[in-house]
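**Q** show me the folded form of this:
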Amino acid sequence: MLDKVWLVLLFPLLGFLLNGLFGWKFKRGLINLIACGSVGLSFLVSLGVFLDLLKLAPEARHFEKILFPWVVSGSFKTAFSFLVDPLSALMILVVSGVAFLIHIYSTGYMHDDPGYVRYFSYLNLFTFSMLLLVLANNLLFMYIGWEAVGLCSYLLIGFWYEKKSASDAGKKAFIVNRIGDFGFALGIMLTFVIFGTVYFTPILERAPEVLQYGGAAATAITLLLFLGAVGKSAQIPLYVWLPDAMEGPTPVSALIHAATMVTAGIYMVARLSALFLMAPVSMLVVAIVGGVTALYAASIGLMQNDIKRVLAYSTISQLGYMFLACGVGAFAAGIFHLMTHAFFKALLFLCAGSVMHALAGELNIQKMGGLKRYMPVTYWTFLMGTLAIAGIPGFSGFFSKDEILWKAFSSAQGHFLLWLLGAAGALMTAFYMFRLLFLTFHGKSRLTPELEKHAHESPNKMTVPLIILAVLAVIGGYVGIPHLLGGGNRIEKFLEPSFGHASKAVEAHHSGGVELLMMIISVLIALGGVYLAYTFYIKKTELPKKLAERYRSVYTLIYNKYYVDEIYNALIVQPLKFFAIICWRFFDVIVIDGSANGLAKLVGLVGNLIKRFETGYVRNYALGFVVGVVIILGYFMLR
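**A** So this is what the prediction gives:
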């Protein structure tokens with residue numbers, strides 16, 4: 001199947017074209033078959049590619065498929081071509097598999113929406129774009145997928161464009177990402193100038209020869225590329241678009257947060273890991289941004305009451321962990337957490353959608369409670385996802401997050417302070433996720449009588465994907481059981497051909513006893529967060545209100561998300577709007593429009609003057625001719 005890897009892209013692209021062009025003629029059943037079937041076929045091909053890759057020796061797991069030349073201009077040459085290695089093979093499995101489950105779920109969730117066919121067309125295009133990004137074997141091809149997922153996020157976040165909040169959120173995502181994408185584009189250009197190519201293989205092989213370790217060129221390239229990752233993967237300071245992205249349909253949120261868009265930045269940094277390892281300053285920046293974002297976003301999640309926004313800030317925080325791993329050279333650990341996060345975050349968002357489906361779109365968890373008895377499948381699957389993201393032993397999130405915390409502490413590029421940022425974020429994660437669980441599903445019902453009558457379990461189209469994702473959220477981490485527990489960390493070994501150059505960067509300088517101690521501490525931290533949430537929202541429910549009143553200023557600050565949106569609006573948005581208005585009213589109206597209008601008036605005046613001589617009388621023309629002759633003769637006679 002390696003030679004047929006292009007089929008991974010072809011199927012969702014055909015689904016987009018068929019439903020996009022002709023879907024308005026199709027019945028719902030055929031739309032579903034095309035949309036879900038195309039992504040399902042893509043997943044089957046991805047599975048075949050993955051299995052074929054496993055048959056090869058580890059050092060031979062690198063396959064490039066060139067279909068045809070694309071852009072050829074002087075020394076700049078690119079082709080329509082793909083790269084299959086352990087990193088891209090794992091990614092296409094995760095993207096196509098999770099996207100397939102979300103497509104199936106969507107057939108139930110979006111059943112009555114008038115934009116049904118448009119929704120599935122966009123969803124297919126989204127899946128195609130992300131697969132294009134991860135299969136690209138060169139930076140330009142990756143950039144096409146990079147921009148395509150940005151376009152799809154704009155279309156899907158603002159899917160219900162009739163709502164101003166939705167259209168505004170779509171524009172916000174698009175504009176904020178332009179900042180990062182500008183840096184990414186500059187990084188690609190600088191890479192080509194220095195290496196003379198945009199293909200990954202020669203760039204990564206020649207990086208130690210072409211770039212000076214810690215030199216200005218390596219630092220400039222990687223920081224520009226990382227700026228793109230900061231925008232796409234919603235890190236400080238360009239994270240503000242992601243919470244507002246909740247305005248789109250909930251399955252879209254699941255796709256953006258779990259398998260597409262926000263994982264693009266992590267994948268790009270991991271793919272170009274050899275470049276980043278040549279720039280220690282950039283690695284430190286990546287680690288600090290990741291660690292600070294993990295803690296910062298988790299703190300906001302503590303006090304949000306919108307069920308989807310809690311999960312949104314959770315995503316920002318978890319992406320921070322992935323960047324923290326990459327920043328300390330543990331690229332395999334970052335990708336491992338990307339995979340497990342895809343399972344439990346897709347599950348959590350789809351469970352949130354199930355709750356909204358049962359409660360006629362209600363989002364405020366303060367108005368819920370007691371849903372466990374109405375929605376048993378949703379409850380138990382949500383619990384599985386919550387245990388996984390909290391890092392409880394035995395669940396997938398425990399293995400991947402613990403690996404990141406250990407590498408942040410023990411690797412050559414790690415530091416105790418980086419570990420501390422991650423550990424504090426882990427405590428908050430366990431707390432706010434169990435707060436979300438307890439307020440939504442436990443305790444007394446706070447539903448209105450109308451909503452209580454409406455509460456019900458979701459149909460099988462929605463619950464079956466939840467069950468599958470719940471199973472993956474439980475068992476998905478067992479491919480990364482650490483060496484300390486006798487597991488050999490198979491996913492790290494599998495990814496080693498893609499990150500072999502990073503082995504020295506993550507070499508531990510502590511004993512196994514220290515690793516076991518740190519693992520126990522991380523477990524205690526997670527359990528501590530769960531216990532605090534239980535105390536606050538089950539045992540002593542009056543405590544949150546008392547603390548909020550006692551520390552009113554702190555509560556208000558965090559509840560209002562540190563007023564970052566307001567600060568950005570005051571310092572950036574409004575000044576830019578004012579500058580734009582000045583440009584419009586003065587430069588546009590006076591200079592540009594004035595010049596064009598003035599030229600038109602001048603032509604009109606000249607025309608009015610000339611037309612006075614166009615009388616239509618022969619005698620006037622003859623007189624003019626005679627006057628002209630006299631003037632010319634007079635000129636020559638006077639010379």
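
**Q** point out where the chain drops to low pLDDT.
**A** 501-511, 613, 639 (pLDDT under 70).

**Q** which stretches of it form strands?
**A** 63-73, 76-84 (DSSP state E).

**Q** out of those strands, which one sits most buried?
**A** strand 76-84 (a mean of 19; mean count of other CB atoms under 10 Å). From N, CA and C alone the C-beta is placed, and that goes for glycine too.

**Q** got the angle between that strand and strand 63-73?
**A** 160 degrees (axes from the mean of the first three to the mean of the last three CA atoms, to 10 degrees).

**Q** circling back to that earlier point, could I get the strands of the chain as CSV with distance to Met283?
**A** Below are these laid out as CSV (distance: least, CB to CB, whole Å):
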stretch, distance to Met283
strand 63-73, 28
strand 76-84, 24
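
**Q** tell me which of those sits nearest to Val626.
**A** strand 63-73 (63.8 Å; CB to CB).

**Q** and the closest one, how far out from the chain's middle?
**A** Relative to its chain's centre, strand 63-73 lies at 27 Å (CA atoms, centre = their mean, to the nearest Å).

**Q** tell me what that strand is packed against?
**A** Using 3 or more CB pairs under 8 Å, 6 or more residues apart in numbering; DSSP states H and E, the elements in contact with strand 63-73 are strand 76-84.

**Q** show me the contact partners of the strand it packs on.
**A** 2, 5-6, 49, 53, 62-72, 88, 135-138, 140-141, 192, 197-201 (CB atoms under 8 Å, 6 or more residues apart in numbering).

**Q** try it again at 7 Å.
**A** 2, 5-6, 49, 53, 63-71, 135-138, 140-141, 192, 198, 200 (CB atoms under 7 Å, 6 or more residues apart in numbering).

**Q** also stretch 127-145?
**A** Taking CB under 7 Å, 6+ apart as the rule, stretch 127-145 contacts 5, 8-9, 12-13, 16, 39, 42, 64, 71, 78, 81-83, 88, 91-92, 95-96, 99, 146, 148-149, 152, 185, 188, 191, 198-200, 259-260, 264, 267-268.

**Q** how about the CA coordinates for that stretch, as CSV?
**A** Extracted in CSV, the C-alpha atoms of stretch 127-145 (Å, rounded to 0.1, in the frame of the first residue of the first chain):
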residue,chain,number,x,y,z
THR,A,127,-9.7,16.1,6.7
PHE,A,128,-8.1,16.2,3.2
SER,A,129,-6.2,19.4,4.1
MET,A,130,-4.7,17.9,7.3
LEU,A,131,-3.7,14.7,5.6
LEU,A,132,-2.1,16.8,2.9
LEU,A,133,-0.1,18.7,5.5
VAL,A,134,1.2,15.6,7.3
LEU,A,135,2.1,13.6,4.1
ALA,A,136,4.0,16.5,2.5
ASN,A,137,7.6,15.8,1.8
ASN,A,138,8.6,19.5,1.4
LEU,A,139,7.9,22.8,3.1
LEU,A,140,5.9,24.3,0.2
PHE,A,141,3.5,21.3,0.0
MET,A,142,3.1,21.5,3.8
TYR,A,143,2.4,25.2,3.5
ILE,A,144,-0.5,24.4,1.1
GLY,A,145,-2.0,22.0,3.6
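
**Q** buried ones in it?
**A** 127-143, 145 (16 or more other CB atoms under 10 Å).

**Q** what do you get for stretch 145-163?
**A** Quick answer for stretch 145-163 (16+ other CB under 10 Å): 145-150, 152-160.

**Q** just those residues: which are in helices?
**A** 145-150, 152-157 (DSSP state H).

**Q** domain map for this protein?
**A** Using automatic domain parsing, the domain parsing of the chain gives 279-558, 565-638.
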